[in-house]
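>>> Compute the structure for the input listed below.
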Amino acid sequence: MDYLVIEGYKTAAEEFSREAGLESPVDFESIESRMNIREALQRGDVGDAITRVNDLNPEILDTNPALYFRLQQQKLIEYIRQGRITDALQFAQEELAPRGEESPEFLSELERTMALLAFDELLSPAQRMKTAGEEAKLLGLLRLLCWGESMLSDRAEFPKLDLVEGSFMAG
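Numbering: from 1, shown residues only. From the prediction side, this is the model:
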């Protein structure tokens, strides 16, 4: 029965309860509301999920700070996912940082979430430009390698780098 309720199978839970002669541990009408909350979170609409939670039970977010923090954390993740970095930073400072000061667990989770900004930055065009700038360094290293090979070729036999094929050939 718990599985049916948790997974949102309202009709199956009602039928099971009726056939087994069990008294329901939950209000079957709340199952649909909970599924709507889950769907809102799955599509990234945290604001809608919070509204629906408040509609279902106006006191739950006030009495459960961990749940409220997780919802706010997800909102921050959605900002980052959408590339709204300024909004993400402002939201983290105004909404989540104060909660992190209240709880070491929340602070740790906030730090993990903020790390997404660093990884997201690796996907940006600026990172592409930085990587492209490394090409000049690579070209310089190849020139140095060629010069070193020419200086050493008079003194010893060694495999030389074939720049066209990208492999070594016998000297």
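>>> Report the buried residues of the strand or helix carrying residue 71.
Using DSSP states H and E, residue 71 falls within helix 65-81. Neighbour counts over helix 65-81 (16 or more other Cβ atoms under 10 Å) mark 68-69, 71-76, 78-80 as buried. The way it works is simple: take the backbone N, C-alpha and C, and place the C-beta from them, glycine included.
>>> same deal with stretch 102-110?
Of all the residues in stretch 102-110, those buried under the rule 16+ other Cβ under 10 Å are 106, 109-110.
>>> Over to stretch 48-62?
Buried residues in stretch 48-62 (16+ other Cβ under 10 Å): 49-50, 52-53, 61.
>>> Could you single out the nearest of the buried residues of stretch 102-110 to residue 91?
Using Cβ to Cβ, the shortest approach to residue 91 within the buried residues of stretch 102-110 belongs to residue 110, at 11.1 Å.
>>> That closest one should be in a strand, yeah?
No - read with DSSP: H, G, I helix; E, B strand; the rest coil, residue 110 is helix and lies in no strand.
>>> So it versus residue 84, what's the distance?
Computed with Cβ to Cβ, to the nearest Å, the distance linking residue 110 and residue 84 is 17 Å.
>>> Dump the buried residues of stretch 48-62 into a markdown table; add distance to residue 10 as well.
Shown next, in a markdown table, are those (distance: Cβ to Cβ, whole Å):
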| residue | distance to residue 10 |
| --- | --- |
| 49 | 19 |
| 50 | 22 |
| 52 | 16 |
| 53 | 18 |
| 61 | 24 |
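>>> Which stretches in this protein count as helices?
All helices of the chain, identified by DSSP state H, fall at 2-6, 10-20, 28-42, 46-56, 60-63, 65-81, 85-91, 97-102, 104-121, 125-153.
>>> want to throw the ones you listed into JSON lines with mean pLDDT and distance to residue 162?
What follows is the helices of the chain, written out as JSON lines (pLDDT from 0 to 100; distance: least, Cβ to Cβ, whole Å):
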{"stretch": "helix 2-6", "mean pLDDT": "67", "distance to residue 162": "63"}
{"stretch": "helix 10-20", "mean pLDDT": "78", "distance to residue 162": "68"}
{"stretch": "helix 28-42", "mean pLDDT": "80", "distance to residue 162": "53"}
{"stretch": "helix 46-56", "mean pLDDT": "90", "distance to residue 162": "56"}
{"stretch": "helix 60-63", "mean pLDDT": "88", "distance to residue 162": "66"}
{"stretch": "helix 65-81", "mean pLDDT": "90", "distance to residue 162": "45"}
{"stretch": "helix 85-91", "mean pLDDT": "93", "distance to residue 162": "45"}
{"stretch": "helix 97-102", "mean pLDDT": "89", "distance to residue 162": "56"}
{"stretch": "helix 104-121", "mean pLDDT": "84", "distance to residue 162": "37"}
{"stretch": "helix 125-153", "mean pLDDT": "68", "distance to residue 162": "11"}
